[in-house]
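# next come a sequence and a model predicted from it.
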Amino acid sequence: QVQLVESGGGLVQAGGSLRLSCAASGRTFSFEVMGWFRQAPGKEREFLAAINWSGSSTRYADSVKGRFTISRENAKNTVYLQMNSLKPEDTAVYYCALSRSTVMSESGAGYPYWGQGTQVTVSS
């Protein structure tokens, strides 16, 4: 069984930064793709970023490219999402997810394991 726990969310002013963390436990996660998604009230879940097992390859949604950076530290079983230049439209619950494959999918269906989410609120 895999457990994913996000942290680092909170309230920030527009233009500010936050770094989200996702700690994985229950199994070795070094060889799987990890991803970040978000869901705002009344909206569908949105892919944000994914990273391969070594950290050498990443993929981003156009909406966050250049502002968000995904990284991972396998020795700590942790994946991060550095968020800069935050906008009010970034307000959402942010989720990390773990895939069983090496494919950096932009679909939530590609990730069988999910964290409980952490709230990010960006004030204008």
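Alright, I've got the coordinates.
# what's across from the most centrally placed residue in the chain in the sheet?
Residue closest to the average C-alpha location in the chain (C-alpha atoms, centre = their mean): W36, at 2.3 Å. As for beta bridges, W36 partners with A49, C96 under DSSP bridges.
# identify the residues contacting it.
Contacts for W36 (C-beta atoms under 8 Å, 6 or more residues apart in numbering) come out as 20, 22, 48-50, 68, 70, 79, 81, 94-97. In short, each C-beta sits where N, CA and C put it, glycine included.
# just put those in CSV and tack on neighbour count and pLDDT.
Output for the contacts of W36, formatted as CSV (neighbours: other C-beta atoms under 10 Å; pLDDT from 0 to 100):
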residue, neighbour count, pLDDT
L20, 25, 98
C22, 26, 96
L48, 26, 98
A49, 23, 98
A50, 25, 98
F68, 20, 98
I70, 22, 98
V79, 29, 95
L81, 27, 98
Y94, 23, 98
Y95, 23, 98
C96, 30, 97
A97, 23, 96
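# quick check: the farthest pair among the residues you listed?
F68 and A97 (15.2 Å; C-beta to C-beta).
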